[in-house]
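Trainee: make a model of this:
(chains A and B)
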Amino acid sequence: MKKLKNLFQPFANIGNSSMLLLIFIQIVLALGIWQLNGGGLIPSPGKIGRRVFEIIQSGNFWDNFMMSLSLTIKGMFIALLIALSISYLSLIPFFQPLAKFVIKCRYLTLTGLIFLFTLITSDGSQLKLSLLLFGIVPFFVTSFLSVIDNIDKQEFELCSTLGMNKWRTLWEVVIVGRLDQVLEVMRQNFAIAWMMITMVEGLSMSEGGLGTLLIKSNKYIDLSTVFAILLIIFLIGVFFDYILGALRFWLFPYTKIQLRSK
Amino acid sequence: MTYDKHEVILEAKNVGLAYDSKTILRDINLSIHNVVRPDVMQGQVVSLIGRSGIGKTQLFKILAGMKKPTTGTVIIGEDHHEVREGEVGVVSQNYILFNHRSIRRNLEIALEHNENNYTTTDKANIIKDYGDKFNLTEHLDKYPQQLSGGQRQRVSILQQAVTSNKFILLDEPFSGLDVLVIDKVVDLLLKISTLHELNTLIIVSHDIENSLAISDTVFIMANQPGKEGATITEKLDLMDMGFAWNPAIRNDHRFQDLVSQMKYKI
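Mentor: This is a model prediction of the structure:
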């Protein structure tokens, strides 16, 4: 009875197994309600589930999936390099205006820039990559700068009392000291990149990709396929979110200690 | 107990600090001498005692070279040069360490900046030696977050002690610690102060009893009626009073009387 009461108490700790059970029950309930009330325009969960298996078993799914995944990983890697360079350089006054401008680019819409990017890139692959980079780098830089801004001033003071010069301080506190948070920022922004991939693939459909599949299915109002692809995209996103989170704990074990102690 | 006061090793001359038109500190004058005792490697332990919010931390930063005073200067060393940031070790109140490094690595980093250019083997030996001496051996491969507050404080003090800096400033070292841990901290500080003749610990605190019990000299910081900004209002030479270097000093009723008097002076 107390456990049941805890489910509705603010700040109550219900334990991992109870939380998993709660999630499972809520998912089953939601799917059950959806299944029972389905049958109209929106396909039922059972129908979407069957369609997911059909799509996965079809030959062209894996080609499209690999196309999207390789573009996302390539985009993430290059965006990471660009964003880290801009963020670290922002600590040097000369480069601060550049960093400030890049973070404001979050408010630029990609749609208006497609023509410009089409002109300056030579093929569809480059166009997609450029748009993806332009879309995610400002978010990466914003997150990294927030990490740097939140560093305790006393950490820099500690470095100076230990006789470190400014470059060594930058290395120890900002670069090495925050590597774990780089991975966390990557994890958070992977979602944005994964979300944008379907959009940029729609702009250049010749090479395929999950975005292309989605747009084609939308065009023919094949809603069970649309929902099935959405579900696949969602599950892959959740899987990578988990992998990046686990990778962070594995590479930087102290982050787990910090979380536990909170 | 015989002792001699030799050369001045740190001096604050007419130090003042103001923000806009508000005076925080004024006319701070204090000097710390190298205290020499026969047959003892005797460093210095000096306390700056004052109420919370009076400007102790500001003076702390000025003494550490981390903040420029509005007026006056702080000089250190045998050549009496103006203090530079990095020449004075600082142990902050919340025991800042590199959380992404193990305790061993935290100490190694401090040793990397020791002017003696120790070899890897030397560093390992020094860390082992300090680990044994200060009960940290079993924690050397842990991360700072895995240690208790008292253990982190010990590492933080040791980290500063293994650099070449002879001066270590400690911000409220007794704050938030229970009585047993305070005794350990006092013991640690006394050990550090006797590692080198010129080792000088400057404790900034509002804890009168513990500061007095550990120090050889105490400066009282307070405001004076009708004057804006805190200054040094009194200097206690505990060596002259016979209270210094006595582990059982708290049992002396004269010492307890002094503690009571000081409560009214800050």
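Trainee: the residue nearest to residue B:210 when sequence neighbours are not counted: how many residues sit nearby?
Mentor: In this structure, residue B:210 finds its nearest non-sequential neighbour in residue B:174, 4.6 Å apart by CB to CB, 6 or more residues apart in numbering or on different chains. Using the backbone N, CA and C atoms, a C-beta is placed for each residue, glycine as well. By other CB atoms under 10 Å in any protein chain shown, the residues close to residue B:174 number 20.
Trainee: now do residue B:203
Mentor: Neighbour count of residue B:203, defined by other CB under 10 Å: 25.
Trainee: go on, residue A:219?
Mentor: 9.
Trainee: on that earlier part again, got a list of what the residue nearest to residue B:210 touches?
Mentor: Residues counted as contacts of residue B:174 (CB atoms under 8 Å, 6 or more residues apart in numbering or on different chains) are B:182, B:185, B:205, B:207, B:210, B:211.
Trainee: ok, residues contacting the helix or strand harbouring the last one?
Mentor: For residue B:211, the host element (DSSP states H and E) is helix B:208-214. If you take CB under 8 Å, 6+ apart as the criterion, helix B:208-214 is touched by B:45, B:47, B:49, B:174, B:182, B:186, B:189-190, B:203, B:205, B:218, B:236, B:238, B:243, B:249-250, B:255, B:258-259, B:262-263, B:266.
Trainee: could you give the average pLDDT over the very next helix or strand once past that helix?
Mentor: Proceeding N to C from helix B:208-214, the next assigned helix or strand is strand B:217-223, under DSSP H and E. When pLDDT is averaged over strand B:217-223, the result is 93.
Trainee: which elements pack onto the helix or strand that comes right after strand B:217-223?
Mentor: Next along the chain after strand B:217-223, taking DSSP H and E as the criterion, comes strand B:230-237. Counting contacts by 3 or more CB pairs under 8 Å, 6 or more residues apart in numbering or on different chains; DSSP states H and E, strand B:230-237 packs against strand B:22-36, strand B:217-223.
Trainee: list the buried residues for the longest one?
Mentor: When burial is assessed from 16 or more other CB atoms under 10 Å in any protein chain shown, strand B:22-36 yields the following buried residues: B:23, B:24, B:25, B:26, B:27, B:28, B:30, B:31, B:32, B:33, B:34, B:35.
Trainee: the inter-axis angle of that strand versus strand B:217-223?
Mentor: Following axes from the mean of the first three to the mean of the last three CA atoms, to 10 degrees, one obtains 170 degrees for the angle between strand B:22-36 and strand B:217-223.
Trainee: and strand B:22-36, what's its mean pLDDT?
Mentor: Computed over strand B:22-36, the average pLDDT equals 93.
Trainee: for chain B, what's the nearest residue on the stretch 51-200 of chain A?
Mentor: Nearest residue of the stretch 51-200 of chain A to chain B, counting by CB to the nearest CB: residue A:163, 3.8 Å away.
Trainee: excluding chain neighbours, what is closest to that residue?
Mentor: residue B:113 (3.8 Å).
Trainee: and the one you found, how far is that from residue A:79?
Mentor: 36 Å (CB to CB, to the nearest Å).
Trainee: I'd say residue A:74 and residue A:129 touch.
Mentor: Yes. The pair residue A:74 / residue A:129 is scored as a contact, 6.6 Å apart, by CB atoms under 8 Å.
Trainee: between those two, point out the one with more neighbours.
Mentor: residue A:129 (19 against 15).
Trainee: give me the nearest residue to that one, chain neighbours excluded.
Mentor: Leaving aside its sequence neighbours, residue A:129 sits nearest to residue A:75 (CB to CB, 6+ apart; 5.9 Å).
Trainee: and that neighbour, how many neighbours?
Mentor: Residues near residue A:75, counting by other CB under 10 Å: 24.
Trainee: what about it, which helix or strand?
Mentor: Here residue A:75 is assigned to helix A:59-89, by DSSP H and E.
Trainee: quick one: low-confidence parts of the chain?
Mentor: Assuming you mean chain A. Residue ranges of chain A with pLDDT under 70: A:38-39, A:258-262.
Trainee: meant chain B, my bad for not saying
Mentor: Answering for chain B: no residues sit below the bar, that is pLDDT under 70.
Trainee: in it, what residue comes closest to chain A?
Mentor: Closest point on chain B to chain A, by CB to the nearest CB, is residue B:113, at 3.8 Å.
Trainee: let's verify residue 197: helix, strand, or coil?
Mentor: Defaulting to chain A. helix (DSSP: H, G, I helix; E, B strand; the rest coil).
Trainee: chain B, not that one
Mentor: coil.
Trainee: OK, contacts around it?
Mentor: Per CB under 8 Å, 6+ apart, neighbours of residue B:197: B:34, B:36, B:41, B:42, B:43.
Trainee: using a markdown table, please lay out those residues together with distance to residue A:226.
Mentor: Formatted as a markdown table, the contacts of residue B:197 follow (distance: CB to CB, whole Å):
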| residue | distance to residue A:226 |
| --- | --- |
| B:34 | 81 |
| B:36 | 86 |
| B:41 | 80 |
| B:42 | 81 |
| B:43 | 76 |
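Trainee: phi, psi for the residue nearest the centre of chain B please.
Mentor: For chain B, residue B:202 is the residue whose C-alpha lies nearest the centre (CA atoms, centre = their mean; 2.8 Å). Main-chain torsions, residue B:202, degrees, to the nearest 10: phi -120, psi 110.
Trainee: show me what from chain A comes close to chain B.
Mentor: Contact residues, chain A versus chain B (CB under 8 Å from any CB of the partner chain): A:152, A:154-155, A:157-158, A:160-164, A:172-173, A:176-177, A:179-180, A:252-254, A:257-258, A:261.
Trainee: try 10 Å
Mentor: Neighbours of chain B within chain A, by CB under 10 Å from any CB of the partner chain: A:152-165, A:168, A:172-173, A:176-181, A:252-262.
Trainee: check those residues for burial and list the buried ones.
Mentor: Among the residues of chain A next to chain B, the ones that count as buried by 16+ other CB under 10 Å are A:154-164, A:172-173, A:177-178, A:180-181, A:252, A:254-255, A:257.
Trainee: isn't residue B:94 right next to residue B:173, touching?
Mentor: No. The pair residue B:94 / residue B:173 is not scored as a contact, 11.5 Å apart, by CB atoms under 10 Å.
Trainee: who's more crowded, the two?
Mentor: Using other CB under 10 Å as the criterion, residue B:94 and residue B:173 rank with residue B:173 on top: 27 against 16.
Trainee: ok, back up a step: list residues touching both of residue B:94 and residue B:173?
Mentor: B:153, B:156 (CB atoms under 10 Å, 6 or more residues apart in numbering or on different chains).
Trainee: and the stretch 101-250 of chain B, which residues reach chain A?
Mentor: B:101-102, B:106, B:109-115, B:142-146, B:156, B:159-160, B:162-165, B:168-169, B:171.
Trainee: how many residues are close by the nearest residue to residue A:144 once chain neighbours are set aside?
Mentor: With sequence-adjacent residues excluded and distances taken as CB to CB, 6+ apart, residue A:144 is closest to residue A:87, at 3.8 Å. Neighbour count of residue A:87, defined by other CB under 10 Å: 27.
Trainee: could you look up the SS state of the nearest residue to residue B:116 once chain neighbours are set aside?
Mentor: Closest residue to residue B:116 apart from its sequence neighbours, by CB to CB, 6+ apart: residue B:164 at 7.0 Å. Following three-state DSSP, residue B:164 is assigned to coil.
Trainee: who's in contact with residue B:164?
Mentor: Contacts for residue B:164 (CB under 10 Å, 6+ apart) come out as A:163, B:87, B:89, B:110, B:111, B:113, B:114, B:115, B:116.
Trainee: which of the residues you listed count as buried?
Mentor: A:163, B:87, B:89, B:110, B:111, B:113, B:114.
Trainee: ok, so of these, who is nearest residue A:57?
Mentor: Using CB to CB, residue B:110 is the member of these that lies nearest residue A:57, at 60.5 Å.
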